[in-house]
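1. Give me a model of this one.
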Amino acid sequence: MTDGAATGRSAATGRAAAPRAAALESRGITAVVFDYGNTIIPYGREAVDRMNTALEEALVRHFGHTDRAALDRVRAADRMRPYHNDYVENDMVAMCRDLVRELHGVEAAPEVLADLLAARHESFVRTAWLPPGVKPVLERLAARRRLGVLSNYPDGNAVRDSMAALGIIELFDTVVVSGDLGVCKPDPRPFAAVTEELGVAPDRILFVGDNWLADIQGAKRYGMRAALTTEYAPAENFGPEPGDAEPDLTIASLAELERALA
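-> Modelled structure (predicted):
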């Protein structure tokens with residue numbers, strides 16, 4: 001998940017095709033690190049639309065009107081920007097300021113910025129929901145291995161607050177978010193940060209995520225094992241390129257992950 005591929009790498013139009021591994025060699029895996037959106041929680045087009053609606057409502061409060069189609073275009077560009085900017089994560093204040101400039105041609109007053117930032121944060125937390133059965137799977141995994149979250153998102157507090165609201169944050173030994181680091185997966189620095197937080201060597205970590213580039217390639221390049229989840233359609237997607245590493249496992253649900261790790 002990013003709110004925001006190497007330069008020159010294009011987004012695919014559909015789910016990345018990847019072979020389903022016959023089995024995962026789970027011996028030696030002492031930690032599992034998850035992406036958040038479209039891995040633990042659904043975070044697709046519907047969630048993006050709800051968040052854009054919250055921004056639209058905030059802009060209407062201050063300006064009396066706004067161009068929703070233009071807002072959607074700006075937000076889509078925001079989500080992809082880190083992939084074309086050396087994986088530098090978006091700045092929340094700058095994004096809100098640029099949104100007002102683009103849609104209304106003025107500099108955002110402090111109260112407008114504060115309202116937009118609050119709308120983004122609150123709508124993310126409200127939008128996050130946990131599908132049935134996911135929490136029990138996480139609880140059983142946490143009883144046997146160290147767990148972490150490593151998410152691409154510009155607001156780390158929103159991720160943690162949503163996890164707390166869902167009652168799952170206590171299951172994780174660490175939660176690392178790109179917004180706190182200033183850089184996104186697949187850059188190696190987020191993977192280094194979560195590895196250091198867990199105190200586990202990369203080759204003893206299984207990374208689970210939906211994004212072929214950010215999650216699978218990023219984890220494999222850093223020396224982790226990787227599981228690709230295809231349960232949800234991501235808001236942004238990248239297909240395989242020549243020379244890419246294959247996932248160690250492809251799953252359609254976290255229940256499948258639990259069986260593979262049994």
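
2. per-residue pLDDT, the residue sitting furthest away from the middle of the chain?
-> The outermost residue of the chain, judged against the average C-alpha position, is Gly64 (32.6 Å), by Cα atoms, centre = their mean. Model confidence at Gly64, given as pLDDT, is 98.

3. what about it, distance to His104?
-> In this structure, Gly64 and His104 are 10 Å apart, going by Cβ to Cβ, to the nearest Å. Bear in mind the C-beta positions are built from the backbone N, C-alpha and C, glycine included.

4. What segments of the stretch 151-262 of the chain are strands?
-> With DSSP state E, counting those that start in this stretch as the criterion, the stretch 151-262 of the chain has strands at 174-177, 205-209, 225-229, 249-251.

5. Pick the most deeply packed of these.
-> Greatest average neighbour count among those goes to strand 205-209 (a mean of 27), per mean count of other Cβ atoms under 10 Å.

6. Give me the angle between that strand and strand 225-229.
-> Between the direction of strand 205-209 and that of strand 225-229, the angle (axes from the mean of the first three to the mean of the last three Cα atoms, to 10 degrees) works out to 20 degrees.

7. Okay, now the unreliable bits of the stretch 101-250 of the chain?
-> Counting by pLDDT under 70, the stretch 101-250 of the chain contains low-confidence ranges at 235-236.

8. show me where the stretch 51-200 of the chain has helices.
-> 68-80, 92-104, 110-127, 134-142, 156-165, 178-181, 188-198 (DSSP state H, counting those that start in this stretch).

9. Mean neighbour count and distance to Phe172 added to those, as CSV?
-> As requested, the helices of the stretch 51-200 of the chain are arranged in CSV below (neighbours: other Cβ atoms under 10 Å; distance: least, Cβ to Cβ, whole Å):
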stretch, mean neighbour count, distance to Phe172
helix 68-80, 15, 24
helix 92-104, 17, 23
helix 110-127, 17, 17
helix 134-142, 16, 8
helix 156-165, 19, 7
helix 178-181, 22, 15
helix 188-198, 19, 10
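
10. Out of these, the one nearest Asp86 is which?
-> Within the helices of the stretch 51-200 of the chain, the stretch nearest Asp86 is helix 188-198; the backing value is 11.4 Å (Cβ to Cβ).

11. And that closest one, how far out from the chain middle?
-> Taking the mean C-alpha point of helix 188-198 and that of its whole chain, the gap between them comes to 15 Å (Cα atoms, centre = their mean, to the nearest Å).

12. now swap in stretch 175-188 and tell me
-> Centroid displacement of stretch 175-188 relative to its chain, using Cα atoms, centre = their mean, is 10 Å.
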